[in-house]
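Engineer: my questions concern the predicted model and sequence given below.
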Amino acid sequence: MPALYSSLTSQLFEEFRARHGYTGKILHEPCSASIRQRLIHTIAQFHILDQLGTPMIPYVAAWRDDGLDIWYEFAGQTLRALLGSGNTDLANAFRESLISRCMYRKCGSPPAIIKVVRDREQLQQLRAALRSVAQQGQAVEAVYRLEVHGESLWFKDFARVEAFEEDGVFLSFGTLADITKEVMLEEELKQAKQELLSHRDQLVAKVERKTRKLRQAQLEVVTRLAQAAACRDQRTGAHLNRMSRYSKLLANSAGIGDQAAAVLFHAAPLHDVGKLGITDLILHKPGRLTVEEFEVMKGHCQLGAELLDGQGSDLLRVARAVALTHHERWDGSGYPGGLTGNGIPLAGRIAAICDVFDALTEERPYKPAWTFAQAAEEIKRQRGRHFDPDLVDLFLGNLPALYRIYRGRIN
């Protein structure tokens, strides 16, 4: 974001508003430098993400600590088109379109996950309480059902809430993902299973087809989510492709079976999905992070696990394990849990080696790319410290196949 926007004159503000689709209130009023800078940088980044045409719909919502009214400081073009581009009060348009909100909660002993659904009337009555929960938890994950022009649409929402006490304002930085196809296929699958009780022989093939479609829909959402995370972290699709193939090759060598290796192939690219919840000021900082900033960055592991939590498929369970544990180290010096040895899930141990190896061979703004041989030597050097020694031996034993992936010679 150009530095000239950090103190907006009338002319610069008009340029900012026109360039980035600014729809909010805060920058029109006297406000602190911290909230101004946070908004300007985030809106500029979200605008770029929006222009890339990804399936993720970015937004910045805001409310004051002394009221219930909410407004959008920024809304992606897809959200504006959905709610009516001519409507200046998008938040009210969203509420009028809202049919229900679904959240997943952990409770009980042993812990269990329950599904909590609120309809429009209940949400209206609980607005203050729900707002308070979001402010205290600093994160929101929910599924919304909207009715637009007589059509039901479902969106998954993942947002981080930040408080700006000096301004008496809370900001919610979030993304919406259209999961209508997945939800509709789930409903069709439920209906097919009910029919199966009386027409089992005839419906077996149909259920299998629906199941395949559901898995494909889940895979499509997961793939796009991984692409959005990589894009925001300024990484490429080639990195995701290599990460998947390295992980599958190492998993097969470890003897976990073709089906489990295929699941890891699709789960591995989600290792950094939690970076969707990290502030751009830290994620895109050109220099070395401070100790405090690095602590925030380390939180992307837990954020990724939370984003992928509460789901029943093997793919998302493995993806959650990868997101949470790919920075753990064999000797216990990693994060976030300080796990050691075989206490680290196998998927996380495999992803750790493959992620580090590919990161070393990839050019980044802060370092040149290492050669294949240099990266392989570093993996060997970290045997028994950073990485599972047995997996390192398998990795080094597959260098010819790994080199073909590295050179892009495997389709």
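Structural biologist: Received the coordinates, thanks.
Engineer: spatially central residue in this protein, please.
Structural biologist: For the chain, the residue nearest the mean C-alpha position is Val273 (4.0 Å; Cα atoms, centre = their mean).
Engineer: give the contact list for Ile405.
Structural biologist: Listed by Cβ atoms under 8 Å, 6 or more residues apart in numbering, the contact partners of Ile405 are 242, 245-246, 249. Just so you know, the C-beta spots here come from the backbone N, C-alpha and C atoms, and that holds for glycine as well.
Engineer: for it, which three-state class applies?
Structural biologist: On the three-state scheme (DSSP: H, G, I helix; E, B strand; the rest coil), Ile405 is labelled helix.
Engineer: Ala369 too?
Structural biologist: In three-state terms, and counting by three-state DSSP, Ala369 is coil.
Engineer: next, give phi and psi for it.
Structural biologist: Main-chain torsions, Ala369, degrees, to the nearest 10: phi -70, psi 140.
Engineer: picking up where we left off before, so the residue nearest to the centre of the chain sits against Leu308, correct?
Structural biologist: Yes - applying Cβ atoms under 8 Å, one finds Val273 in contact with Leu308, separated by 7.0 Å.
Engineer: what is in contact with those two at once?
Structural biologist: Counting by Cβ under 8 Å, 6+ apart, the residues touching both Val273 and Leu308 are 319, 323.
Engineer: so where do the helices sit in the stretch 251-400 of the chain?
Structural biologist: 258-267, 280-283, 291-298, 300-307, 314-325, 346-360, 372-381, 389-397, 399-406 (DSSP state H, counting those that start in this stretch).
Engineer: show the average pLDDT along the fifth one.
Structural biologist: The reference is to helix 314-325. Across helix 314-325, pLDDT averages out at 90.
Engineer: again, but for the third one
Structural biologist: Computed over helix 291-298, the mean pLDDT rounds to 90.
Engineer: output the contacting helices and strands for that helix.
Structural biologist: Here helix 291-298 touches helix 280-283, going by 3 or more Cβ pairs under 8 Å, 6 or more residues apart in numbering; DSSP states H and E.
Engineer: before we move on, the earlier item: least confident of the helices of the stretch 251-400 of the chain, on average?
Structural biologist: Among these, helix 280-283 scores lowest, with a mean of 81.
Engineer: same question for that helix: list its buried residues.
Structural biologist: For helix 280-283, the neighbour count (16 or more other Cβ atoms under 10 Å) marks 280, 282-283 as buried.
Engineer: low-scoring stretches of the stretch 151-300 of the chain, by residue?
Structural biologist: Within the stretch 151-300 of the chain, the stretches with pLDDT under 70 are 198-208, 210-224, 226-237.
Engineer: strands of that one, start to end?
Structural biologist: Remark: strands assigned in the stretch 151-300 of the chain by DSSP state E, counting those that start in this stretch are 151-164, 169-178.
Engineer: the first one: partners in the sheet, and parallel or antiparallel?
Structural biologist: Pairing partners of strand 151-164, with direction, according to DSSP bridges: strand 139-148 (antiparallel), strand 169-178 (antiparallel).
Engineer: looking at these, which is buried most?
Structural biologist: The highest average neighbour count among the strands paired with strand 151-164, using mean count of other Cβ atoms under 10 Å, belongs to strand 169-178 at a mean of 22.
Engineer: got the CA positions of that one in CSV?
Structural biologist: C-alpha atoms of strand 169-178 as CSV (Å, rounded to 0.1, in the frame of the first residue of the first chain):
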residue,chain,number,x,y,z
VAL,A,169,-14.7,0.3,17.4
PHE,A,170,-14.5,-3.4,16.6
LEU,A,171,-13.4,-4.6,13.2
SER,A,172,-14.1,-8.0,11.7
PHE,A,173,-11.7,-9.1,9.0
GLY,A,174,-13.2,-12.0,7.2
THR,A,175,-13.8,-14.1,4.1
LEU,A,176,-16.9,-15.9,2.9
ALA,A,177,-16.8,-19.1,0.8
ASP,A,178,-19.8,-20.2,-1.3
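Engineer: one step back: would a markdown table of the strands paired with strand 151-164 with distance to Ser32 be doable?
Structural biologist: Shown next, in a markdown table, are the strands paired with strand 151-164 (distance: least, Cβ to Cβ, whole Å):
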| stretch | distance to Ser32 |
| --- | --- |
| strand 139-148 | 23 |
| strand 169-178 | 9 |
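Engineer: closest one to Ala159 among the ones you listed?
Structural biologist: Taking Cβ to Cβ, strand 169-178 is the member of these nearest to Ala159, at 2.9 Å.
Engineer: centre of the chain to the closest one, how far?
Structural biologist: How far strand 169-178 lies from its chain's middle: 12 Å, per Cα atoms, centre = their mean, to the nearest Å.
Engineer: and what of stretch 72-89?
Structural biologist: 22 Å.
Engineer: buried sites along that stretch?
Structural biologist: Buried, per 16+ other Cβ under 10 Å, within stretch 72-89: 72-76, 78-80, 82-83.
Engineer: what is the nearest of these to Gln45?
Structural biologist: Phe74 (10.1 Å).
Engineer: for the nearest residue to Ala401 once chain neighbours are set aside, what are its contacts?
Structural biologist: In this structure, Ala401 finds its nearest non-sequential neighbour in Leu249, 5.9 Å apart by Cβ to Cβ, 6 or more residues apart in numbering. The neighbours of Leu249, taking Cβ under 8 Å, 6+ apart as the test, are 398, 401-402, 405.
Engineer: I'd like the buried residues of helix 280-283 laid out as a markdown table, including distance to Lys367.
Structural biologist: Converted to a markdown table, the buried residues of helix 280-283 look like this (distance: Cβ to Cβ, whole Å):
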| residue | distance to Lys367 |
| --- | --- |
| Asp280 | 21 |
| Ile282 | 18 |
| Leu283 | 17 |
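Engineer: between the residues you listed, which sits nearest Glu186?
Structural biologist: Closest to Glu186 out of the buried residues of helix 280-283 is Leu283 (33.0 Å), distances taken as Cβ to Cβ.
Engineer: shouldn't the closest one be in contact with Lys275?
Structural biologist: Yes - the pair Leu283 and Lys275 qualifies as a contact (Cβ under 8 Å) at a distance of 6.0 Å.
Engineer: most neighbours among the contacts of Ile405, which one?
Structural biologist: Highest neighbour count within the contacts of Ile405: Tyr246, with 25 neighbours (other Cβ atoms under 10 Å).
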